[in-house]
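A.B. asks: Quick one: sequence and predicted model below, then my questions.
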Amino acid sequence: MRKKITDKEWNAILPRVQEREERGRQTHILFNGVLVDGKRIGRELDRRRSNSNMRQGFVQGMESQYMLSYD
């Protein structure tokens, strides 16, 4: 039995958690029959949000530096 949730699995889980969070609903996640701690879910959300923001900032910086266009 695995203890760790893979990146691919988090990428499937977290959009649903975020969607429910925006509606003001709490989500409980069971992984291999064990309830995942809410703190762990929050850390994963924060980690992936910050990575997403870093990537967006990098792409925007590259666009302005090189005048890139996506048409």
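C.D. replies: Okay, I see it.

A.B. asks: going forward, measure contacts between C-alpha atoms and count neighbours the same way
C.D. replies: Fine.

A.B. asks: Just the strands from the protein, written as ranges.
C.D. replies: 30-31, 34-35 (DSSP state E).

A.B. asks: Most tightly packed of the ones you listed?
C.D. replies: Stretch with highest mean neighbour count among those: strand 30-31 (a mean of 11; mean count of other CA atoms under 10 Å).

A.B. asks: contacts for it?
C.D. replies: For strand 30-31, contacts defined as CA atoms under 8 Å, 6 or more residues apart in numbering pick out 5, 36.

A.B. asks: neighbours of residue 17, just the number please.
C.D. replies: 19 (other CA atoms under 10 Å).

A.B. asks: and it, what pLDDT?
C.D. replies: What the model reports for residue 17 is a pLDDT of 89.

A.B. asks: show me what contacts it?
C.D. replies: Per CA under 8 Å, 6+ apart, neighbours of residue 17: residue 27.
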